[in-house]
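Participant: with the input below, show me the fold.
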Amino acid sequence: MKQVERRSIGEQVFESLKEQIVKGKWAPGTKIPSENQLTEMLGVSRISLRESLQKLATLGLLESRQGEGTYVKKFSAENYMNTLLPYFVLDKPDTINVLEYRKIVEVGTIGLAVDRANQDDLLKLEDINKRMKANINDSKKFANEDLNFHIALAEITRNPVIIKVNYIIRDVLDSSMEEIVNNLGTRDGIYYHEKILAAMKEKDRDKAQQLMEEHVMITINRISEKER
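Facilitator: Next up, the predicted model:
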């Protein structure tokens, strides 16, 4: 690591340490150099170093082990969720913004899901749809099953990045889904899920993607009209 400049020392120390983790120079689970070693390597005070180490620990990137030293924390979806939670609590994303995200991501997701779904996957989606219909008079339960359908599509892709991202932002998706169901009812969810499932059974990728895009766009338009 190169020594940092004297201006904005605290931020430079933090960025320098974070870079070691993000770029894989310090692998998850490994012990990082001692405080004495780091202060010498970076050419900074122990106070600046400790503040940066604490910040990285708060972000879930480092962990201190009593009597052993400081280690790079092994990454998991829970770690990322803990990091993102304050943002989502203090600055809740607008429902339209969430829907725009879903339009971009879910059209691609359904394409992969069509290609990779097996019989068990289709049966799981059918079961979710049945539970949706059974809960049309309970908006909270209905919204939960509605989201389960979309999460299941992500899982069917077998793509770990898509699956983990959905896990990380599940609370945001859940909150927006409840708002959508409370404002628009249950009709669209049931209608489009059945159409999408039928397209998946036919292995019709284009049709499934068209239906998913239409599903999200209609939701965006209806929510926008209610907000006017």
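
Participant: list the contacts of the residue nearest to M212 when sequence neighbours are not counted.
Facilitator: Using C-beta to C-beta, 6 or more residues apart in numbering and skipping residues adjacent in sequence, the residue nearest M212 is I110, 4.6 Å away. Where C-beta positions appear, they are placed from N, C-alpha and C, glycine not excepted. By C-beta atoms under 8 Å, 6 or more residues apart in numbering, I110 lies in contact with L153, I196, M200, A208, Q209, M212.

Participant: now the helix or strand where I110 lies: mean pLDDT?
Facilitator: Counting by DSSP states H and E, the element that carries I110 is helix 95-116. For helix 95-116, mean pLDDT is 96.

Participant: so what's the gap between that helix and the chain middle?
Facilitator: Computed by C-alpha atoms, centre = their mean, to the nearest Å, the chain-centroid distance of helix 95-116 equals 13 Å.

Participant: now for the helix or strand following it, which elements pack on it?
Facilitator: The helix or strand immediately downstream of helix 95-116 is helix 119-134, counting by DSSP H and E. Packed against helix 119-134 by the contact rule (3 or more C-beta pairs under 8 Å, 6 or more residues apart in numbering; DSSP states H and E) you find helix 139-156, helix 187-201.

Participant: mind listing what's buried in the helix or strand just after the first one?
Facilitator: Looking back up the chat, that one is helix 139-156. Sequence-wise, the next helix or strand downstream of helix 139-156 (DSSP H and E) is helix 160-168. For helix 160-168, the neighbour count (16 or more other C-beta atoms under 10 Å) marks I162, I163, N166, Y167, I168 as buried.

Participant: can you put those in TSV and add pLDDT and distance to Y191?
Facilitator: Listed next are the buried residues of helix 160-168 as TSV, based on pLDDT from 0 to 100; distance: C-beta to C-beta, whole Å:
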residue	pLDDT	distance to Y191
I162	92	25
I163	89	26
N166	86	23
Y167	79	27
I168	75	29
